[in-house]
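1. structure for the following, please:
(one chain, ligands or ions: 1)
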Amino acid sequence: MSDRVMWFDGACVPWEDARVHVWDELALRGANVFEGITAFWDAGQGCHQVLAGDAHLDRLFDSARLADIPAPMTRAEVRGALGTVAARLSGVDVYLRPTFYARYGRSSLAPDSAGAMYIGGFPFRPTTPPAVRAIVSGHRRFGGPIGAQAKSGGSYLDFRLFERERIEHGVEHVLFLNDRGHVAEADGAAVLLVRDGSVTTPSVDSGVLDSITKRIVLDLARRLGYRVDERPVPRDELYQARVVLAGTLLGLRSVDSVDGKTGGDDAAAATVCALADGYARLCRGEHPLAPDYLAPLR
Ligand SMILES: Cc1ncc(COP(=O)(O)O)c(C=O)c1O
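-> Got it, this is the predicted structure:
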């Protein structure tokens, strides 16, 4: 694919030239943390507008601290490198995936400890499947000492099992429960439940990544006058509400059925439409909340 851009060791390089050694901590123990960031092309300004860039950089550095991976660069340097990648993809919306990884050292206290960064970037062209069916996974997700708050490569190993279930069941998404049997999150997205004029989402103590897209959607919901509730969510509520997934890559995606059951009434469906419309306008800079979330990436 020629429109993929790779930043590696200080500069953009041909995609196939970004190589690490099999004995690097990245490969040996999966020592990496990363972010998925979108930036939307602004033809008027002639640059990309990054969505919630500060929140993503905060989370990248927080993840590195939680997973004890030495941050290889300053925040300003990471931002500069993101701008370099985006500039190679001018004229289109982009998805940027900065990754910090440990090259050497089993912890950052090791004398030879060294971190590094790469960023993959490519055009962002979200697709919407004609039907969105989800199942609840038969596996539960248990957080280790690093926990779900770190967006770490290691924690995504579980997702191989969820992806297998997804394919075996012929559905678009898998939702999973935490060790207490409460709703946690989905494959690459936060879970939101829309019902009776309220938007409910599992609280962060449910063992979920604190989704940045979810935070934006909750902001939109409050502005539209909906009640917002973050709390432990029992599984049964998935069948009584309209379920919506929120994530950087997915945007906002309404789920038609969970385990074959459709919850939520016409009012819930209308709320989902209003939120999706608000989110789309915000990404384009056409919503009153847009200045809170968009910033030029140069
Ligand atoms: C497990 C998981 N939960 C939630 C999300 C959504 O997070 P965000 O909205 O910050 O992209 C993602 C997306 O990467 C994810 O992988």
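
2. use CA for all of it now, contacts and neighbours both
-> OK.

3. what segments of this protein are helices?
-> Counting by DSSP state H, the chain has helices at residues 25-28, 53-66, 75-87, 159-169, 212-223, 266-283, 290-293.

4. is it possible to get a markdown table of these that adds mean pLDDT?
-> Below are these laid out as a markdown table (pLDDT from 0 to 100):
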| stretch | mean pLDDT |
| --- | --- |
| helix 25-28 | 96 |
| helix 53-66 | 98 |
| helix 75-87 | 98 |
| helix 159-169 | 97 |
| helix 212-223 | 98 |
| helix 266-283 | 96 |
| helix 290-293 | 98 |
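
5. quick one, which of those helices gets closest to the ligand.
-> Nearest to the ligand, of all those, is helix 212-223, at 3.6 Å by C-alpha to the nearest ligand atom.

6. what's that closest one in contact with?
-> Here helix 212-223 makes contact (C-alpha atoms under 8 Å, 6 or more residues apart in numbering) with 52, 55-56, 190, 192, 199, 227-228, 246-248, 251, 275, 278-279, 289.

7. where does this structure have low pLDDT?
-> Within the chain, the segments meeting pLDDT under 70 span 1-2.

8. what does it have sitting close to the ligand?
-> The chain has residues 185, 187-190, 209, 211-214, 246-248 near the ligand, with proximity defined as C-alpha under 6 Å from any ligand atom.

9. and the residue lying farthest from the centre of the chain, how far from A81?
-> In the chain, the greatest distance from the average C-alpha position (C-alpha atoms, centre = their mean) is reached by P111, at 33.2 Å. From P111 across to A81, the span is 27 Å (C-alpha to C-alpha, to the nearest Å).

10. next one: G53
-> 13 Å.

11. P232 now?
-> 38 Å.

12. and the two? Which one has more around it.
-> More crowded of P232 and A81, by other C-alpha atoms under 10 Å: A81, with 23 against 19.

13. please list all residues in contact with the residue nearest to that one when sequence neighbours are not counted.
-> In space, and not counting its chain neighbours, A81 is closest to W7: 7.4 Å by C-alpha to C-alpha, 6 or more residues apart in numbering. By C-alpha under 8 Å, 6+ apart, W7 lies in contact with 13, 81, 85, 118-120.

14. quick revisit: the residues of the chain next to the ligand into CSV, with extra columns for neighbour count and distance to G154?
-> Below are those laid out as CSV (neighbours: other C-alpha atoms under 10 Å; distance: C-alpha to C-alpha, whole Å):
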residue, neighbour count, distance to G154
E185, 25, 17
D187, 20, 15
G188, 19, 14
A189, 26, 17
A190, 25, 19
L209, 20, 14
S211, 22, 18
I212, 21, 20
T213, 22, 22
K214, 21, 23
A246, 25, 22
G247, 19, 19
T248, 19, 20
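
15. need the max-distance pair from the contacts of helix 212-223.
-> Distance extremes for these: the farthest pair is H56 and R227 at 25.7 Å, using C-alpha to C-alpha.

16. buried residues in stretch 224-243, which are they?
-> Of all the residues in stretch 224-243, those buried under the rule 16 or more other C-alpha atoms under 10 Å are 226-229, 232-233, 237-243.

17. now tell me what touches it from outside.
-> For stretch 224-243, the external contacting residues (C-alpha under 8 Å, 6+ apart) are 177, 181-183, 191-195, 197-206, 218, 221-222, 254-256, 258, 261-265, 268-269.

18. buried subset of those?
-> By 16+ other C-alpha under 10 Å, the contacts of stretch 224-243 give 177, 182-183, 191-195, 198-204, 206, 218, 221, 254-256, 258, 262-264, 268-269 as buried.

19. just the ones of those in strands?
-> Mapping the buried ones among the contacts of stretch 224-243 onto strands (DSSP state E) picks out 177, 183, 191-195, 198-202, 254, 258.

20. what residues does the closest residue to S211 other than its chain neighbours make contact with?
-> Nearest non-adjacent residue to S211, counting by C-alpha to C-alpha, 6+ apart: A190, 6.1 Å away. Going by C-alpha under 8 Å, 6+ apart, A190 touches 184, 201, 208-209, 211, 214, 245-247.

21. for A190, list each beta-bridge partner.
-> Taking DSSP bridges as the rule, A190 bridges to A246.

22. next: the one 5 residues further on.
-> Taking DSSP bridges, one finds S198 as the beta-bridge partners of R195.

23. that one and R19, how far apart?
-> In terms of C-alpha to C-alpha, R195 sits 48 Å off from R19.
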